[in-house]
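Q: show me how the following folds:
(one chain, ligands or ions: 2)
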Amino acid sequence: MATRSLVTGGAGFLGSHLCQSLLERGDEVICLDNLFTSRMETIESLIAHERFSFIEHDVTEPYAVESDVIYNLACPAAPGHYQYDPIYTLKISVLGALHALELAKQTGATVVHASTSEVYGDPQVHPQPEEYRGCVNPIGLRACYDEGKRAAETLMFDYNRMHNVDIRVARIFNTYGPHMHPFDGRVVSNFIRQALAGDALTVFGDGEQSRSFCFVSDLVRGLVRMGECSDAMGPINLGNPKEFTMLELANLVLELTSSDSTLEHMSLPADDPMQRQPIIDRAKAVLDWSPEVELRDGLAETIAWFSSIDVDEWTPPTPNWAGGLSAT
Ligand code: NAD
Ligand code: UDP
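A: Residues are numbered from 1 along each chain as shown. Ligands and ions are numbered 1, 2, ... in the order given. Below you'll find the predicted structure:
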């Protein structure tokens with residue numbers, strides 16, 4: 001019998017790829033989303049599929065959907081969008097996790113939870129192993145997301161200890177690829193959109209801060225593996241350990257788009273982590289997983305997708321997408 005998979009946040013960037021991958025595996029897929037940071041067009045190609053269905057629902061309210069696995073992805077993930085209404089973000093993270101876990105407690109479903117490298121905050125340990133407990137400012141602008149995700153992890157492990165709910169916690173590091181919202185304000189989408197339009201690339205700070213970018217197909221393969229592995233409770237870091245500065249990323253995007261855009265330095269947002277790089281030994285050992293797509297190749301695929309869409313048809317999900325920051 002086909003696995004029945006519920007994907008909250010399934011219309012978003014990662015969720016849409018996950019739904020596609022689960023359908024290809026033969027699952028029945030239910031996508032539950034309130035389209036806060038996404039649009040139906042992203043899952044247009046899936047709607048016609050006989051094993052796919054869509055439920056419009058806000059995860060801050062309880063829901064009852066029978067499934068074998070709940071992939072809990074619903075949550076704004078781009079800094080501008082999660083900071084737009086921080087109280088709502090905290091509710092989405094905490095109540096969304098609570099409702100997934102309550103449902104799993106009743107139905108016996110496995111919960112695969114999308115946590116984040118943001119639980120490490122602005123890390124004082126580099127690179128980051130899962131044992132590192134992080135350095136998060138609990139009252140800063142990013143706290144609604146970081147602390148929300150930390151509390152969601154706490155709920156996952158307490159439901160496991162108290163109610164024996166089968167959980168899998170993935171700590172996802174920066175991921176990019178086709179289906180990113182062109183106005184999510186994240187660095188990859190900003191740089192590509194700007195380079196293709198001939199606009200200046202907005203480099204925040206001196207651009208020496210680093211991130212490790214994972215291509216979406218690698219990430220989704222890891223998430224699906226976590227759903228399949230009974231000993232993958234985690235937390236498990238999922239990300240590409242190859243680290244780049246934002247200046248290196250900007251120059252690579254300029255090269256791959258053959259753009260003559262300039263770089264414009266803007267002020268660095270508050271609490272912006274200076275570096276981030278996953279140790280993925282646990283993912284290798286438990287899941288036999290490691291990323292395969294080089295940044296250059298993944299960016300080329302992402303640029304091709306951005307070139308194929310009409311950016312003017314996309315409305316920013318919130319007015320708070322990056323670009324409004326002051327130049328230094
Ligand atoms: P996204 O914004 O593209 O997708 C999030 C989806 O959740 C959207 O479809 C949105 O409409 C939906 N959503 C938001 N609030 C909701 C609510 N209250 N009820 C129902 N649906 C709601 O972001 P993404 O990059 O695809 O991220 C997906 C998940 O992965 C998030 O939980 C995020 O925290 C996590 N994550 C992503 C990254 C990354 O680099 N993309 C890194 C770490 C963690
Ligand atoms: N960033 C940048 N220009 C932009 C958007 C982001 O230089 O137009 C920087 C940002 O300050 C951060 C890094 O890129 O240091 C990654 O930002 P993103 O919002 O993509 O993800 P996160 O900060 O959540 O890792």
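
Q: CA only for contacts and neighbour counts going forward, please
A: Noted.

Q: give me every residue in this structure lying close to ligand 2.
A: The chain comes close to ligand 2 at residues 78-79, 174, 185-187, 190, 202-204, 207, 209, 246, 268, 272, as judged by Cα under 6 Å from any ligand atom.

Q: for PyMOL, what selects the buried ones among these?
A: The following PyMOL selection, which keeps only the buried ones among the residues of the chain next to ligand 2, applies the criterion 16 or more other Cα atoms under 10 Å:
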select buried, resi 78+79+174+185+186+187+190+202+203+204+207+209+246+268
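
Q: tell me how many other residues crowd residue 83.
A: 22 (other Cα atoms under 10 Å).

Q: filter the residues of the chain next to ligand 2 down to the ones near ligand 1?
A: Checking the residues of the chain next to ligand 2 against ligand 1 by Cα under 6 Å from any ligand atom, the ones in range are residue 174.

Q: in strands only, show me the residues of the chain next to ligand 2.
A: With DSSP state E as the criterion, strands contain 202-204 from among the residues of the chain next to ligand 2.

Q: closest to residue 296 among the residues you listed?
A: Of all those, the one with the least separation from residue 296 (Cα to Cα) is residue 203, at 19.1 Å.

Q: right, and that closest one touches residue 264 too?
A: Yes - between residue 203 and residue 264 there is a contact under Cα atoms under 8 Å: 5.9 Å.

Q: which parts of the protein are helices?
A: For the chain, applying DSSP state H gives helices covering 13-25, 44-47, 79-84, 86-107, 143-163, 187-197, 216-228, 246-257, 281-282, 295-308.

Q: mind listing what's buried in the first one?
A: What it means is helix 13-25. By 16+ other Cα under 10 Å, the buried positions in helix 13-25 come out as 13-23.

Q: also the second one?
A: Buried residues in helix 44-47, defined by neighbour count with 16+ other Cα under 10 Å: residue 46.

Q: likewise for the last one?
A: Using 16+ other Cα under 10 Å as the burial criterion, the residues of helix 295-308 that qualify are 295, 298-300, 302-303, 306.

Q: same question for the fourth one.
A: Of the residues in helix 86-107, those with enough neighbours to count as buried (16+ other Cα under 10 Å) are 86, 88-105, 107.

Q: can you show me the CA trace of stretch 255-264 as CSV?
A: Output of stretch 255-264 as CSV, limited to C-alpha atoms (Å, rounded to 0.1, in the frame of the first residue of the first chain):
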residue,chain,number,x,y,z
GLU,A,255,30.1,35.1,-13.7
LEU,A,256,27.3,32.5,-14.3
THR,A,257,24.8,35.2,-15.5
SER,A,258,27.4,37.1,-17.5
SER,A,259,26.1,40.1,-15.8
ASP,A,260,28.0,43.4,-15.5
SER,A,261,26.0,44.4,-12.4
THR,A,262,28.0,46.2,-9.7
LEU,A,263,28.1,45.3,-6.0
GLU,A,264,26.4,47.7,-3.5
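
Q: mean confidence for it?
A: Averaged over stretch 255-264, pLDDT sits at 97.

Q: same question for stretch 34-52.
A: Here the average pLDDT along stretch 34-52 is 95.

Q: got any ranges where the protein has weak pLDDT?
A: 321-328 (pLDDT under 70).

Q: how about 80 then?
A: Along the chain, the model assigns pLDDT under 80 to residues 1, 320-328.

Q: isn't residue 222 right up against residue 292?
A: No - assessed by Cα under 8 Å, residue 222 is found out of contact with residue 292, at 11.2 Å.

Q: of those two, who's got more company?
A: Taking neighbours as other Cα under 10 Å, residue 222 and residue 292 compare with residue 222 leading, 25 against 13.

Q: how many other residues sit next to the closest residue to residue 99 other than its chain neighbours?
A: Take residue 99 and drop its neighbours on the chain: the residue closest to it by Cα to Cα, 6 or more residues apart in numbering is residue 62, 5.4 Å away. Residues near residue 62, counting by other Cα under 10 Å, number 14.

Q: next, residue 62: phi, psi?
A: The phi and psi values for residue 62, taken as degrees, to the nearest 10, are phi -60, psi 160.

Q: what does the one 5 residues further on give?
A: Recorded main-chain torsions at residue 67 are phi -160, psi 170, according to degrees, to the nearest 10.

Q: still on that earlier bit, and of the helices of the chain, who's closest to residue 318?
A: Proximity to residue 318, assessed across these by Cα to Cα, is greatest for helix 79-84 (6.0 Å).

Q: helices or strands up against that closest one?
A: Contact partners of helix 79-84 among helices and strands, from 3 or more Cα pairs under 8 Å, 6 or more residues apart in numbering; DSSP states H and E: helix 143-163.

Q: again, 7 Å this time
A: For helix 79-84, not one helix or strand is in contact under the criterion 3 or more Cα pairs under 7 Å, 6 or more residues apart in numbering; DSSP states H and E.

Q: would you check that residue 290 makes contact with residue 284?
A: Yes - between residue 290 and residue 284 a contact is recorded at 6.0 Å, counting by Cα atoms under 7 Å.

Q: thanks a lot, see you next time.
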